[in-house]
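**Q** Any chance you can model this:
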Amino acid sequence: MTPYILVHIHRLKIPYMPNNIPDAAKKVPLMFQAQTKGRCQIQYIDDQARKEKRSQQAERWAEQWIDKAYPNPPIFGDEVLTRSYSISWRFVTNSGQDDGVIRSVIGARGWPFYPGSSMKGIFRRACTIEQAERYCGKDIKGGDFQPGILRFHGGYPTSDTWQENLVDIVHPQQDWQVKDDKKSAGAFVQIPLYKPELIFGISSTITLKASEWETIWNIWEKALINI
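**A** Numbering: from 1, shown residues only. Got it, this is the predicted structure:
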C-alpha cells in the first residue's frame with residue numbers, strides 16, 4: 001500500500017512517491033503542482049484535449065478542489081452580524097496565487113472565501129469621509145493610525161451550489177478595443193463562482209444601535225453594487 005503524507009489544507013492526501021513510480025509528479029493534485037509548462041497551467045485551453053474531447057486541466061483542478069472541500073460551510077462567531085446576498089452573475093475575485101489564473105481565494109474547510117481585507121476596501125470606497133474614518137480608521141498625528149470600530153470577516157457561499165459551473169472561458173479584448181484593431185489574444189480560463197449566494201460578516205468593537213447597523217449594511221450593499 002502506498003504510504004501517504006497528510007496535508008491538512010483542504011483534507012488533501014498527497015502520496016509519497018517512490019522513485020520507481022512512472023510519472024510520479026503527475027499524480028500530485030494540480031493545486032499543488034508548479035504553474036509551469038508540463039505541470040499545471042490551468043489558465044490555458046488545450047486544443048488537443050478539446051479535439052479529443054478530453055477534460056481540460058482547469059476542469060480537473062476544479063473537480064479535485066470540490067472533491068476535498070468539506071460538505072458544510074464555515075460558520076461565523078456569535079459576535080459577528082451577517083447578511084446574505086444573491087449575486088446575479090459570476091462573482092469574480094482573484095487569489096493571486098497562481099500565475100495567469102483568476103480564481104477565488106480558498107478559505108476554511110476548502111470553501112471559496114471573499115477576504116475581509118477586500119471587503120473593507122470596497123466598503124471604505126462607498127463611505128463618506130466621516131463614515132470611512134469612523135468605521136475603517138484614520139491617520140492621526142505622528143504618522144500613527146487609529147483603527148475604525150468595524151471588523152470585516154469576509155464572506156462565504158451559503159451552500160454547496162458554489163461548486164456548479166466553476167470553469168469559465170474569457171476572451172481578452174484589450175488589444176483590439178484599446179490599442180489597435182488586431183485581435184492578438186486567445187481564450188483563457190478563469191474559475192469564479194456562478195450566481196452564488198454569499199453570507200458576509202461584520203462585527204463592531206463597540207455596541208451600536210440597530211439604526212446604525214442598518215446604515216452600515218446599506219453602505220455594504222452600495223459597495224457590492226459597485227464591486
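**Q** So for this protein, the centremost residue is which one?
**A** Ser104 (2.1 Å; C-alpha atoms, centre = their mean).
**Q** from memory that one sits against Gly110, does it?
**A** No: contact criterion C-beta atoms under 8 Å: Ser104 and Gly110 do not qualify, at 11.0 Å. Heads up, the C-betas are built off the backbone N, CA and C, glycines and all.
**Q** which residues sit in contact with the residue nearest to the centre of the chain?
**A** 93, 95, 112-114, 191-193 (C-beta atoms under 8 Å, 6 or more residues apart in numbering).
**Q** so of those, which ones are in strands?
**A** Judged by DSSP state E, those include 112-113, 191, 193 as members of strands.
**Q** Export those residues as TSV, with columns for distance to Pro71.
**A** Supplementary listing: these in TSV, determined by distance: C-beta to C-beta, whole Å:
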residue	distance to Pro71
Pro112	14
Phe113	16
Ile191	20
Leu193	17
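**Q** what would those look like in CSV with neighbour count, distance to Ile199 and pLDDT?
**A** Compiled in CSV, the ones in strands among the contacts of Ser104 are given as follows (neighbours: other C-beta atoms under 10 Å; distance: C-beta to C-beta, whole Å; pLDDT from 0 to 100):
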residue, neighbour count, distance to Ile199, pLDDT
Pro112, 26, 12, 95
Phe113, 21, 11, 95
Ile191, 23, 21, 89
Leu193, 25, 13, 94
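**Q** For these, work out which two are farthest apart.
**A** Phe113 and Ile191 (13.6 Å; C-beta to C-beta).
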